[in-house]
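Asks: Could you look at this predicted model? Sequence included:
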Number of protein chains: 2
Amino acid sequence: MGTISKALEMLDLFSRTRPEIGLSEFVRLTGRDKATVHRHLTSLQQNGFVEQNPTSRAYRLGPAILRLSALRETTHPLRSVVRPIVTEFAKSIGELAHVSILQGKALSPVCFSDPRVHGTQIAFDESEMLPLHATSSGLAVLAFAPPALLKAAIKPPLTAYTPKTLCDPEALAQTLTEVRGAGLSLCEGSFDIEVTSMAAPLFDSTGAVIGALAVAMPQGRADAEKLAALRAPLLAAGKAITLSLGGIAPKA
Amino acid sequence: MGTISKALEMLDLFSRTRPEIGLSEFVRLTGRDKATVHRHLTSLQQNGFVEQNPTSRAYRLGPAILRLSALRETTHPLRSVVRPIVTEFAKSIGELAHVSILQGKALSPVCFSDPRVHGTQIAFDESEMLPLHATSSGLAVLAFAPPALLKAAIKPPLTAYTPKTLCDPEALAQTLTEVRGAGLSLCEGSFDIEVTSMAAPLFDSTGAVIGALAVAMPQGRADAEKLAALRAPLLAAGKAITLSLGGIAPKA
């Protein structure tokens, strides 16, 4: 891996549960020596991608990220376009909905909405990348992905997040054929054993798949009747997002 | 400059007026050879910091930035805390207000609000870094900055953005003494010849200066009476932001 990627991947170590990371924790998490880690952090800090907590000296994500995200949203609106549709959709079905978009060989969350009408809810972490082979969003994307991405994404060995994760390329290919036919995907416990999710693909202006809209719920209330009732609204909301982004869905 | 900084600085080339940049334009803007630029872009793309327009193949800021900014706002809210105060302040005074925070030796815009009640307005570009010696925000920060930052920021040669930019270290030092006394700074045409701005410093929980709240207006309506009337509300709004961020202002 190149120096730039090594430095940028350090940013992915931050999460909701780990918002600040000290130098020695970076050393432990990356498995690199202290001098290298410090040099990378200094470059990231000079460019505003991390900053230090003035009290603890631990690192957290920096102000450059806010400025760049505001610029991206101004010049290429995604979150601001997608959020109202996701919020309305989540409210209408009474379950958590989220949109994520392709970033390399995984999906990067863009926004989520949880109407919080039930006694149990999904702990959605918008800082966590979603693997393609183990999530409904990922399967919805893979079903419409170009061959090169598909090949790279289902190449063994695949991580089994739960005993129900599909890790066999042939079983995955069979599932993807079904997803293509239905226009949406279903995962029951394949990423988190307690979570059932359904997803619909999203497309850009060239008809290429760019991400997915998904519904996620505790498996305890995801019975057959509920899942059947979700299909039409999920497909409709997915199409609405594709259209609002100037995208076009491929001909069925 | 190290490889990481070279790559990250390419992200700063994007702006409102330049939301997408092709490979050859990157080569021209950076003055580096095509192979190097392409290698850097590939690393940035693999990590989601840029993506390619599917039609033109030009690069734009990527989805990782959205994910990381959402994470930073969740774990270390800044924009969401600051924005309502800035919006209310801008509305109350009828002029554009903005907050920017220190990033290295410049200020990075966090948010701005323009009530748009006048026939002329400021073209504020939230992707543009603000130089410390030439802007009211910068002078407000420098007046309370630690000696090392001050020394680095006013070291000649300084860029003269307009004929009115203060570039002489002694004149700057004199101005900063006045700013420290008044608790706010005034710039008339020193960054953009047509713009007058006033700014108040913002402080963190250790009492260190972290940025500034500024008002910017076309110089044509920034007469002495107006500027005098802005002082008290600007100081009050600056204190409100410092407090809402858990910060403390130094003793006067």
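Replies: All right, it came through fine.

Asks: ok, and does the longest helix seen in chain A reach over to chain B?
Replies: Of all segments of type helix in chain A, defined using DSSP state H, the longest is helix A:224-244. No. Judged by C-beta under 8 Å from any C-beta of the partner chain, helix A:224-244 and chain B are separated, with a smallest distance of 13.5 Å. Yep, even glycine has a C-beta here, placed from its N, CA and C like the rest.

Asks: what mean pLDDT does that helix have?
Replies: Averaging pLDDT along helix A:224-244 gives 95.

Asks: How about the helix or strand of chain A with the lowest mean pLDDT and chain B, any contact?
Replies: Ranking every helix and strand in chain A by mean pLDDT, DSSP states H and E puts helix A:63-75 at the bottom, with a mean of 88. Yes. Helix A:63-75 lies within reach of chain B by C-beta under 8 Å from any C-beta, at A:63-75.

Asks: related to what we said a few turns ago, so what touches the longest helix of chain A?
Replies: Helix A:224-244 is contacted from outside by A:81-82, A:85-86, A:89, A:92-93, A:95, A:97, A:99, A:182-184, A:186, A:196, A:198-203, A:212-213, A:215, A:217, A:248-249, using C-beta atoms under 8 Å, 6 or more residues apart in numbering or on different chains.

Asks: 6 Å - rerun?
Replies: A:81-82, A:85, A:89, A:93, A:183-184, A:198, A:200, A:202-203, A:213, A:215, A:249 (C-beta atoms under 6 Å, 6 or more residues apart in numbering or on different chains).

Asks: quick one: buried residues of that helix?
Replies: Within helix A:224-244, the residues that count as buried by 16 or more other C-beta atoms under 10 Å in any protein chain shown are A:226-227, A:230, A:234-235, A:237-242.

Asks: so how far is that helix from its chain's centroid?
Replies: The chain centroid and the centroid of helix A:224-244 are separated by 18 Å, computed with C-alpha atoms, centre = their mean, to the nearest Å.

Asks: Ok, stretch A:140-151 next?
Replies: 16 Å.

Asks: so what's the residue nearest to A:Ile210 when sequence neighbours are not counted up against?
Replies: Leaving aside its sequence neighbours, A:Ile210 sits nearest to A:Asp204 (C-beta to C-beta, 6 or more residues apart in numbering or on different chains; 4.8 Å). A:Asp204 sits next to A:210, A:247, B:54 when contact means C-beta under 6 Å, 6+ apart.

Asks: Chain A against chain B: which residues are in contact?
Replies: Neighbours of chain B within chain A, by C-beta under 6 Å from any C-beta of the partner chain: A:2-5, A:7-8, A:19, A:43, A:46-48, A:54, A:60-61, A:63-72, A:75-76, A:79, A:101, A:103-104, A:108-110, A:126-127, A:204, A:206, A:208.

Asks: The closest residue to chain B within the stretch 151-252 of chain A: what secondary structure?
Replies: Of all residues in the stretch 151-252 of chain A, A:Thr206 sits closest to chain B, at 4.6 Å by C-beta to the nearest C-beta. Three-state secondary structure (criterion: DSSP: H, G, I helix; E, B strand; the rest coil) places A:Thr206 in coil.

Asks: Quick one: the helices in the stretch 101-250 of chain A, in order.
Replies: Remark: helices assigned in the stretch 101-250 of chain A by DSSP state H, counting those that start in this stretch are A:136-142, A:147-153, A:169-182, A:224-244.

Asks: hmm, back to that, among the residues of helix A:63-75 next to chain B, which one sits closest to B:Ala173?
Replies: Closest approach between the residues of helix A:63-75 next to chain B and B:Ala173, by C-beta to C-beta: A:Pro63, at 27.0 Å.

Asks: Kindly export the longest helix of chain A (C-alpha atoms) in PDB.
Replies: Taking Å, rounded to 0.1, in the frame of the first residue of the first chain, the C-alpha atoms of helix A:224-244 are listed here in PDB:
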ATOM      1  CA  ALA A 224     -43.000 -12.400   5.900                       C
ATOM      2  CA  GLU A 225     -46.000 -10.100   5.800                       C
ATOM      3  CA  LYS A 226     -44.000  -7.000   6.800                       C
ATOM      4  CA  LEU A 227     -41.300  -7.800   4.300                       C
ATOM      5  CA  ALA A 228     -43.900  -8.200   1.500                       C
ATOM      6  CA  ALA A 229     -45.500  -4.900   2.400                       C
ATOM      7  CA  LEU A 230     -42.100  -3.100   2.200                       C
ATOM      8  CA  ARG A 231     -41.300  -4.100  -1.300                       C
ATOM      9  CA  ALA A 232     -43.400  -1.600  -3.300                       C
ATOM     10  CA  PRO A 233     -42.500   1.500  -1.100                       C
ATOM     11  CA  LEU A 234     -38.800   0.600  -1.200                       C
ATOM     12  CA  LEU A 235     -38.700   0.200  -4.900                       C
ATOM     13  CA  ALA A 236     -40.600   3.500  -5.300                       C
ATOM     14  CA  ALA A 237     -38.300   5.400  -2.900                       C
ATOM     15  CA  GLY A 238     -35.200   4.000  -4.700                       C
ATOM     16  CA  LYS A 239     -36.600   5.200  -8.000                       C
ATOM     17  CA  ALA A 240     -37.300   8.600  -6.500                       C
ATOM     18  CA  ILE A 241     -33.700   9.000  -5.300                       C
ATOM     19  CA  THR A 242     -32.300   7.800  -8.600                       C
ATOM     20  CA  LEU A 243     -34.500  10.400 -10.400                       C
ATOM     21  CA  SER A 244     -33.600  13.200  -8.000                       C
END
